[in-house]
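Visitor: Coordinates for the following, if possible.
(one chain, ligands or ions: 1)
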Amino acid sequence: MADNERTNVVLGVSGGIACYKAVELVRLLVKEGYPVQVIMTRGAMEFVAPLTFQTLSGRPVATETFNLTQESEIGHINLADSAAVFVIAPATANVIGKITAGIADDLLTTVLMATQAPVLIAPAMNIHMYENPVLQENLRKLRRLGYHLIEPAEGYLACGYEGKGRLPDPEAILEQIRGLIKKKDLLGEKLLITAGPSREPLDPVRYISNRSSGKMGYALARAGSRRGAEVLLISGPTALEPPAGVKLMPVTTAAEMRHAVLDEFATCTAVIMAAAVADYHPVGFSQQKIKRDKKPFDLRLEPNPDILKELGEKKNGQLLIGFAAETENLTANAQKKLHAKNLDMIIANDVTKEGSSFDGDTNIVTIIDRGGAIRSLPLMSKDEVADLIFDYLLTLRH
Ligand code: CTP
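Guide: Numbering: from 1, shown residues only. Predicted coordinates:
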């Protein structure tokens with residue numbers, strides 16, 4: 001089935017008290033013009049009648065009690081194929097366990113098994129169930145396999161406890177859905193993205209590095225791949241799972257990163273250097289562990305090559321995007337780097353600002369392009385920043 005025929009938001013509702021919020025989610029989706037197909041589990045029908053969802057979505061709800069006529073008209077594979085995005089909200093611990101184990105023993109899990117659409121799962125349950133290590137392990141597995149998860153909210157739970165486990169507000173789920181059904185506007189792009197820190201070894205047990213978490217680069221890789229690009233992620237050491245569909249090439253030192261980037265440069269259409277490449281490495285590497293001494297220890301460093309500058313000299317049609325981590329004179333310093341490295345766009349952030357640090361999930365950036373446009377953006381998630389960078393990249397392309 002062609003991508004443009006996958007138009008439905010397929011919403012799987014499993015049995016929990018938060019089902020009433022799924023009703024509101026359907027209302028919001030319909031109001032925004034999304035065609036919604038609801039699938040309910042048997043448990044969900046104990047909380048809300050299918051008629052409620054049917055009335056709001058304007059379509060019969062698919063349930064386990066699907067009869068053969070309905071199956072031949074709608075069919076579980078057709079349902080799976082019609083999804084632009086597949087959402088499960090609320091997702092119970094049971095449904096999450098079944099998905100993780102590959103069990104498809106009801107309509108919801110069967111359709112989910114057959115879908116190729118991005119899947120968004122919104123867990124909602126009692127706080128102790130949510131904290132259960134088995135459930136947490138399942139969530140980690142799903143994340144690793146490329147499922148999108150929306151964290152439960154904190155607050156008063158229907159079971160009487162206070163804590164994490166509430167289904168997030170329907171608006172928050174809607175926002176994630178919007179992001180996931182972005183069109184494939186980066187089809188044909190071959191992106192080379194670097195991420196994370198580099199590590200410059202001193203001896204077998206020590207190295208010099210920086211606080212980069214890699215989150216910005218990984219968010220770019222995720223967004224690029226979701227929007228249809230072929231993505232190669234050249235990453236220094238991080239604690240992150242590589243996004244689904246992205247080719248990961250792990251490196252350690254700046255020299256290794258340079259090597260990998262230069263090898264791939266000719267065949268890519270754009271490079272985004274989000275890595276925090278160390279500017280220096282220790283002179284010489286001690287084969288043995290350097291022993292403690294009473295005297296001061298002088299560490300001599302020599303410069304690493306500037307990878308991005310080298311790309312700027314070599315570029316042949318590729319778009320080049322750099323980052324500028326600054327602590328002062330943000331715009332002026334970033335503009336200098338844009339010109340000195342022959343870039344098409346630079347993303348500058350003040351790493352001293354709260355919400356804009358190396359290892360957080362958010363960023364506050366100023367995006368400057370080669371035409372001189374300067375856009376200062378408010379605090380947003382690194383995923384949102386990534387999407388905006390690609391919107392601007394497309395503007396530059398055209
Ligand atoms: N960069 C690179 N190679 C290096 C250092 C940096 O390719 N050896 C890239 C970074 O990935 C980033 C951009 O250059 O996209 C700017 O990095 P930044 O550390 O902000 O600037 P520097 O050029 O290193 O200048 P300074 O450290 O003096 O601010």
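
Visitor: From residue 387, how far out is the closest residue to residue 267 other than its chain neighbours?
Guide: Ranked by C-beta to C-beta, 6 or more residues apart in numbering and with sequence neighbours excluded, the top spatial neighbour of residue 267 is residue 190, at 6.5 Å. For every residue, glycine as well, the C-beta is placed using N, CA and C. When distance is defined by C-beta to C-beta, to the nearest Å, residue 190 is 19 Å away from residue 387.

Visitor: which SSE is residue 324 in?
Guide: strand 319-326 (DSSP states H and E).

Visitor: Show me what that strand packs onto, helices and strands only.
Guide: strand 270-273, helix 307-314, helix 330-340, strand 345-350, helix 382-397 (3 or more C-beta pairs under 8 Å, 6 or more residues apart in numbering; DSSP states H and E).

Visitor: a markdown table for those, including mean neighbour count?
Guide: Shown next, in a markdown table, are the helices and strands packed on strand 319-326 (neighbours: other C-beta atoms under 10 Å):
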| stretch | mean neighbour count |
| --- | --- |
| strand 270-273 | 26 |
| helix 307-314 | 18 |
| helix 330-340 | 16 |
| strand 345-350 | 24 |
| helix 382-397 | 19 |
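
Visitor: if we can go back for a sec, tell me the bridge partners for the residue nearest to residue 267.
Guide: residue 230 (DSSP bridges).

Visitor: what pLDDT does it get?
Guide: For residue 190, the model assigns a pLDDT of 98.

Visitor: per-domain residue ranges of this structure.
Guide: As assigned by automatic domain parsing, the chain contains the domains 3-181, 190-288+295-397.

Visitor: roughly how far out does the shortest one sit from the chain middle?
Guide: From the chain centre to the centre of domain 3-181 is a distance of 20 Å (C-alpha atoms, centre = their mean, to the nearest Å).

Visitor: And stretch 355-374, by the same measure?
Guide: For stretch 355-374, the distance to the chain centre is 17 Å (C-alpha atoms, centre = their mean).

Visitor: hmm, it touching the ligand?
Guide: No. Figure legend: stretch 355-374 not in contact with the ligand (C-beta under 6 Å from any ligand atom); closest approach 11.2 Å.

Visitor: Endpoints of that stretch, how far apart?
Guide: In stretch 355-374, first residue to last residue: 20 Å (C-alpha to C-alpha, to the nearest Å).

Visitor: How about the contacts made by residue 90?
Guide: Shown in contact with residue 90 (C-beta atoms under 8 Å, 6 or more residues apart in numbering): 13, 14, 16, 18, 19, 21, 22, 122, 123, 124, 125, 167.

Visitor: one more time with 6 Å, if that's ok
Guide: Going by C-beta atoms under 6 Å, 6 or more residues apart in numbering, residue 90 touches 16, 18, 124, 167.

Visitor: Residue 327 too?
Guide: Residue 327 makes contact with residue 352, according to C-beta under 6 Å, 6+ apart.

Visitor: can you do 10 Å?
Guide: When contacts are counted by C-beta atoms under 10 Å, 6 or more residues apart in numbering, residue 327 touches 333, 350, 351, 352, 353.

Visitor: try residue 255
Guide: Applying C-beta under 10 Å, 6+ apart to residue 255 gives the contacts 198, 200, 281, 304, 305, 307.

Visitor: Now which of those would you call buried?
Guide: Buried residues within the contacts of residue 255, counting neighbours by 16 or more other C-beta atoms under 10 Å: 198, 200, 281, 304, 307.

Visitor: ok, so of the residues you listed, who is nearest residue 220?
Guide: Nearest to residue 220 among those is residue 307, at 16.4 Å by C-beta to C-beta.

Visitor: out of everything not next to it in sequence, what's closest to the closest one?
Guide: The nearest residue in space to residue 307 (C-beta to C-beta, 6+ apart) is residue 258, at 4.8 Å.

Visitor: Kindly report the same for residue 370.
Guide: residue 344 (5.0 Å).

Visitor: is it true that that neighbour touches residue 318?
Guide: Yes. In this structure, residue 344 is within contact of residue 318 by C-beta atoms under 10 Å, at 8.8 Å.

Visitor: Now do the shared contacts for these two.
Guide: Common neighbours of residue 344 and residue 318 (C-beta under 10 Å, 6+ apart) are 270, 271.
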